[in-house]
Structures are given as structure tokens and as C-alpha cells.
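Participant: Here you go, sequence then predicted model.
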Amino acid sequence: MTRVACCTLHAGCAWRRGSVLFAVFVMIVLAALVGTTLLYRGDSYAAGVDAQRLERRLRAAAWSGVCLAAERLAAQRDELLAGGSPRLGNDLVIESEGEPRFVVRFEELTEEGVRVTPEAARLNLNTATESMLASAPGFDASLAARLVASRGTGFDSVETALNVITPAGSDSEDGVDDDGMSRFTVFSFDPGVTVGVGGGDGSNDPGPGRRRLVLAGPWDDTKSKALGARLSPEAAKAVEDAMKSQQPPRRPAGLVRAMGRAAVPTAQWAAVLDEVAFVRDEYIAGLIDINTASEAVLASVPGIDAGAAGRIVSTRATLAPGQKAKVTWPLTEGVLPLAGFEQAVNHITVRSLQWRVKVVAVREDEPSGVDQARRPGRVVVLEAVIDVASTRPRVAYMRDATYDDLAAVMRSITREGMDEEWPTIERPLEPSAEVIAGPAEPEAVRGAAARRAEGRAPRGGARRAEAAPATEAEPPLRDPRIGRWRPTRRP
């Protein structure tokens, strides 16, 4: 009995010791699991923080690129006023001590490799007439009527306007397709200052940027003297006689007819149309640049059919810059008849002061040719419209275009079915870059953004006086521009 009791006692002790050891083992395993979970969670949190920090830095770098584009365009404003095209210059490499280097580049917007495109080459959805819209690609009479009836005081973007006729989620084939988006804008505003084509007889050529003489309102000796100082005697007399008539012209087409009746040589018409204005607006919205618009856009202008649009495109490639600066060149070069030019002249210009850019920011150590559409958080793309119509540049429009390529892939899959192989979208990184080192970065890049926020013009922007201050008897000029950052409205 004693031997059995001892064995039973030893077995119970062993069982208890085994239970304790098992419990300790379980606690160790649980502690290890908890510790590992916390470590993984900490690593995951740190990785998330690093990813957010990287994306913020990429966005800051992309915004620096937008500011740089604005600064470079502002520095070329006089050339743009005279009908020139801007140059964006080299891309950037932004570097700071202890941080990765970022490449900021301007993406090509056309198949020809153009990195900045003019808004005045597009049809303005806020000002185009119903007939102009009806003749535009992707529109018909009913869509044009629906858009005109819905625009009210004006759309704030092309996307907003086209959603009226092609609601989100509907088939794009029923309206304007993706390619058609590039033909429209709401941000084209021609400033009320001269291109600078001279006084009509080879004299009095002050260059671009002089405030045009507003013909609206009662005629007086001040306007007569101003005309005489700007134009040849015969052109000045023809304009004065027309404005003193019982039915004075209200738009450029009426002035063209008046100069034709007065037998003013057509060689002087460009100077007359450049020196005078008919509205007391500081900017005129919706004029189409005949030197950059496509055939499809030109064919929507009254007086210009498809054949004439083709001739304009082919002829302008043969003209010198001084010839293309004259709005009358389609008439003097025999591209348009007088009747066609009279219809078109109210809707055309020879320059653009708003330009569209697409800025891409990416880490320099990203693999060249990487499929950026499938690497969220590794690249930021901003599309912006820079407006240099005034001496102080502004960003009229900006949107995040980072996932445009991915959206295009998804649309193609939706329309055509799932492909066997995922399409590859490449953004090769081969910038010819200028490097901004640490101390120079805030001054050269971040400083530009700060100057915008403070309402100051960027360095290099022309600050030429466009006009003498209006007299007390004259009402102030109106600024009708719209956009993301609107200028201060005058009372």
C-alpha cells in the first residue's frame, strides 16, 4: 500500500510539473507572438510613415516644377505677347543632404515631343457659339444646344462642361472622347494689349504690351489724338469716320468693313486691329490662335471651312514670325477671301498667354522605364495651366494626373475585355537636368511658391507698364478671367 501511494504521489507531482511547464511554454509562445506582432506593426507603421513622407516630398517637388514653369513662362512674357512660343528649359534634380534626389521633369504632351501647349489653340466651351460647338468633333446640334443652355455664367473646367453632355459613368462614345478633350478649354484669355506690328506704315512700332485704345463710348478729341499717334493718317481717319457714323462698328468685323469702304490698304489693317479694342474688358475670352490651332479647331470658326483650315495650317509653316504676328495674314496671303475673313476676325488671335504643362516628380533611383502606373506612391504627376496674360503669373488650373495612365488602362480593359498580358506604360527617365542643391532649393524652387502665396511676381517676370492709369472719367477695365487662383477683382 505504501509503495502504491508513493508512486501515485510521484505521478501527480510529475503531472503538475508538466502542466506548469506547458503553461510556461504557452505563455512564452504567446509573448513571442505578441512581440512579433508589435514589431511587424511597428515596421508597418514606420513603412507607412515613410511612404506618406515620400509622397509628400514628391508632391512638393511636383509643385516646385509647376512654380518653375510659371517663372520661366513669365520671363518670356514679351515674346508670348508678340506671338512667340515658350521654352521650358531643362528638367530639375532636387537634392538635399541625407535625402534621396528627386527628378522633376516636364512630360511630353504631343507625339511630336512638345512639352507645353497653348490654350488658345483650343475651342473655349464658355464662349463658343452654338454653331461653332455643333461643328466641333464629338458634338452635334443637340449636344451643342445642351451645353450652351447649361453654361450659365461659365464652367470652371472642361471636365465640368463635358459632364453636362456626357455624364460620368456613361459611354464616352455618346459624346466627346478622350482625344477630343484636348481640343477644348475654358482658360483662353487674350489680354487687351498690342502684339506690336507697327503703325501700319512702318512707323510708330513700340513693341508688344501697349494698352489698346478702347473705342467704346462717346467720341472725343482725346481718342482722335490717340488714333493719330498710333496709326497712319488714312487709317486713323477711316476709323474715326466709322466711329462717328450713325451705326459705328461694335466688333472687329464692322471695322474691317469700314476700312474696306474707305479703301484703306489691307497692309495697314493688321495694325488697326492690333491697336484698338471695342470692349472695356482687360481680357477677351475665347479667341482662337490661328498660328497653333489644329485643323479640327480652325474648321469650327465662322468663315473657315475644312479646306480653308487645311490651307491655314500648311501656309503658316512657311511664314516668318513677323508675318504670323499679323492677324490679317490669312487674308493677305490669299488663304481666306474677304467675306470669310470678316466672319472669322471676331474669333481669332495670333498668340496664347495660357499654356498647359504636365509635371512629373519621381525619385532619381527609380528604375528607368518603370511602369509608373502600377507603382502608387512612387510618382506624382500634376497637370497645370499657367496664365501669364497679366504681369503677375497665376496657376489658372491644376489637377492630379498621377493615375491617368492607370485609368486609361482600365478603360481599355473595360471596352475590349481583359487582355492576356497587362499593358506596360513606360515613362523613361532621361532628363537633361539642372541640379538644385540643398541651400539653393528654398530660394530657387520653394521661394517661387512662397512668392505666389504672397501675391508677388516671380523673379524674371516682366513688369513692364502696359498702360497709363485710366482717367477719372473712364470706368476701370474688367477682368473676366476664371480659374483655380483668380486675380483680385476690381471694385
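Facilitator: Received the coordinates, thanks.
Participant: Tell me, how many residues neighbour residue 266?
Facilitator: A count of nearby residues for residue 266, using other C-beta atoms under 10 Å, gives 14. Glycine gets a C-beta too; all of them are placed from N, C-alpha and C.
Participant: There's contact between it and residue 332 in this structure, I believe.
Facilitator: Yes: with contact defined as C-beta atoms under 8 Å, residue 266 counts as touching residue 332 (5.8 Å).
Participant: Nearest to the spatial middle of the chain, which residue is it?
Facilitator: Central residue of the chain (C-alpha atoms, centre = their mean): residue 385, 2.1 Å from the mean position.
Participant: could you pull out the helices for the stretch 101-250 of the chain?
Facilitator: For the stretch 101-250 of the chain, helices defined by DSSP state H, counting those that start in this stretch occupy the ranges 130-134, 141-150, 158-165, 221-230, 233-244.
Participant: looking at the ones you listed, which has the lowest confidence?
Facilitator: Note on these: lowest mean pLDDT is at helix 158-165, with a mean of 83.
Participant: what angle separates that one from helix 141-150?
Facilitator: Calculated by axes from the mean of the first three to the mean of the last three C-alpha atoms, to 10 degrees, helix 158-165 forms an angle of 120 degrees with helix 141-150.
Participant: Helix 158-165 packs against which elements?
Facilitator: For helix 158-165, the elements it packs on are helix 141-150, strand 184-185, judged by 3 or more C-beta pairs under 8 Å, 6 or more residues apart in numbering; DSSP states H and E.
Participant: how about low-confidence regions in the chain?
Facilitator: Low-confidence segments of the chain (pLDDT under 70): 1-16, 18, 41-51, 98, 167-180, 199-206, 365-377, 406-477, 484-491.
Participant: try it again with 50
Facilitator: For the chain, residues meeting the criterion pLDDT under 50 lie at 168-173, 200-202, 368-374, 418-419, 422-472, 489-491.
Participant: separation between residue 194 and residue 78?
Facilitator: As judged by C-beta to C-beta, to the nearest Å, residue 194 and residue 78 stand 12 Å apart.
Participant: can you tell me the distance between the two ends of stretch 391-405?
Facilitator: End-to-end span of stretch 391-405 (C-alpha to C-alpha, to the nearest Å): 35 Å.
Participant: Quick check: buried residues in that stretch?
Facilitator: Across stretch 391-405, burial judged by 16 or more other C-beta atoms under 10 Å covers 391-398, 401-402, 404-405.
Participant: Also stretch 155-164?
Facilitator: For stretch 155-164, the neighbour count (16+ other C-beta under 10 Å) marks 155, 157-158, 161-162, 164 as buried.
Participant: Identify the bridge partners of the residue nearest to the centre of the chain.
Facilitator: Residue 385 has these beta-bridge partners by DSSP bridges: residue 356, residue 397.
Participant: can you pull the contacts of it?
Facilitator: 119, 185, 187, 354-356, 395-398, 483 (C-beta atoms under 8 Å, 6 or more residues apart in numbering).
Participant: The stretch 251-400 of the chain: helices as residue ranges?
Facilitator: 252-261, 269-275, 295-298, 306-316, 321-324, 329-332, 338-344.
Participant: contacting residues around the fourth one?
Facilitator: Where contact means C-beta under 8 Å, 6+ apart, the residues beyond helix 306-316 that reach it are 290-291, 294-296, 298-299, 304, 324, 329-330, 333, 335-336, 340.
Participant: In strands, which of the buried residues of stretch 391-405 fall?
Facilitator: Counting by DSSP state E, the part of those found in strands is 394-398.
Participant: what would the helices of the stretch 101-250 of the chain look like in TSV with distance to residue 99?
Facilitator: Converted to TSV, the helices of the stretch 101-250 of the chain look like this (distance: least, C-beta to C-beta, whole Å):
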stretch	distance to residue 99
helix 130-134	50
helix 141-150	48
helix 158-165	35
helix 221-230	56
helix 233-244	62
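Participant: check contacts around residue 150.
Facilitator: Residues in contact with residue 150 (C-beta under 8 Å, 6+ apart) are residue 164.
Participant: so how far is residue 133 from it?
Facilitator: 12 Å.
Participant: Repeat that for residue 276.
Facilitator: Taking C-beta to C-beta, one finds residue 276 at 29 Å from residue 133.
Participant: now do residue 294
Facilitator: Applying C-beta to C-beta to residue 294 and residue 133 gives a distance of 16 Å.
Participant: can you count the residues close to residue 198?
Facilitator: 23.
Participant: I'd like to know which of the helices and strands packed on helix 158-165 is closest to residue 217.
Facilitator: Taking C-beta to C-beta, helix 141-150 is the member of the helices and strands packed on helix 158-165 nearest to residue 217, at 29.7 Å.
Participant: buried sites along that closest one?
Facilitator: Neighbour-count burial for helix 141-150, counted by 16+ other C-beta under 10 Å, picks out 143-144, 146-148.
Participant: One more: stretch 259-274?
Facilitator: Using 16+ other C-beta under 10 Å as the test for burial, stretch 259-274 gives 259, 264, 268-274.
Participant: same deal with stretch 225-232?
Facilitator: Neighbour-count burial for stretch 225-232 flags 227, 230-232 (criterion: 16+ other C-beta under 10 Å).
Participant: Stretch 127-140 now?
Facilitator: In terms of neighbour count (16+ other C-beta under 10 Å), stretch 127-140 has its buried residues at 127-128, 132-139.
Participant: on that earlier part again, can you go through the contacts of helix 306-316 and name the buried ones?
Facilitator: 290-291, 295-296, 298-299, 304, 324, 329-330, 333, 335-336, 340.
Participant: Out of the residues you listed, flag the one nearest to residue 87.
Facilitator: For these, the nearest to residue 87 is residue 291 (16.5 Å; C-beta to C-beta).
Participant: Would you mind confirming that the closest one makes contact with residue 323?
Facilitator: No: counting by C-beta under 8 Å, residue 291 does not reach residue 323; the two are 10.1 Å apart.
Participant: Among the buried residues of stretch 391-405, which one sits closest to residue 115?
Facilitator: For those, the nearest to residue 115 is residue 401 (14.2 Å; C-beta to C-beta).
Participant: Distance-wise, check that closest one relative to residue 381.
Facilitator: From residue 401 to residue 381 the distance is 4 Å (C-beta to C-beta).
Participant: show me what contacts the closest residue to residue 127 other than its chain neighbours?
Facilitator: Spatial nearest neighbour of residue 127, chain neighbours left out: residue 286 (3.0 Å); criterion: C-beta to C-beta, 6 or more residues apart in numbering. By C-beta under 8 Å, 6+ apart, residue 286 lies in contact with 124, 126-128, 188, 347.
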